[in-house]
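Enquirer: Have a look at this fold, sequence not included:
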């Protein structure tokens, strides 16, 4: 399997986790400018996919951290 497919597979897995476990933030993914290339017809490269995946991981990590802290207070 090539790198592109592996990255897409990871994106699918984290997106599914967000959809199932965190629907309150999943609905904002398509509106997040940080996760989407900004041009009318972007060329989707492995670097862009990796950056998108990294942004999804950071979004999930930040949410878990703040959500966990709210549960403690």
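Expert: Yep, that arrived. Since the model is a prediction, treat every value here as computed from it, not as a measurement.
Enquirer: Quick check: the gap between residue 3 and residue 46.
Expert: Residue 3 sits 6 Å away from residue 46, going by Cβ to Cβ, to the nearest Å. No exception for glycine: its C-beta is placed from N, CA and C like everyone else's.
Enquirer: what's the answer for residue 28, then?
Expert: 25 Å.
Enquirer: one step back: out of residue 3 and residue 46, which sits in the busier spot?
Expert: Taking other Cβ atoms under 10 Å, residue 3 and residue 46 do not tie; residue 46 has more neighbours (13 against 10).
Enquirer: what's the pLDDT at the more buried one?
Expert: The score at residue 46 is 89. That number is its pLDDT.
Enquirer: from now on call the first residue 34
Expert: Fine by me, first position is 34 from now on; the one you just mentioned is residue 79.
Enquirer: wait, isn't it in contact with residue 40?
Expert: Yes: the pair residue 79 and residue 40 passes the contact test of Cβ atoms under 8 Å, sitting 6.3 Å apart.
Enquirer: roughly how far apart are the closest residue to residue 92 other than its chain neighbours and residue 45?
Expert: Leaving aside its chain neighbours, residue 92 sits nearest to residue 58 (6.8 Å; criterion: Cβ to Cβ, 6 or more residues apart in numbering). Here the criterion is Cβ to Cβ. By it, residue 58 lies 17 Å from residue 45.
Enquirer: out of those two, which sits in the busier spot?
Expert: A direct count of neighbours by other Cβ under 10 Å for residue 58 and residue 45 places residue 58 higher, at 16 against 10.
Enquirer: Need phi/psi at residue 89.
Expert: With angles defined as degrees, to the nearest 10, residue 89 sits at phi -60, psi -40.
Enquirer: Show the contacting residues for it.
Expert: Contacts for residue 89 were tallied using Cβ atoms under 8 Å, 6 or more residues apart in numbering; they are 44, 47-48, 51, 62, 68.
Enquirer: Please apply the same query to residue 42.
Expert: Remark: with contacts taken as Cβ under 8 Å, 6+ apart, residue 42 is in contact with residue 34.
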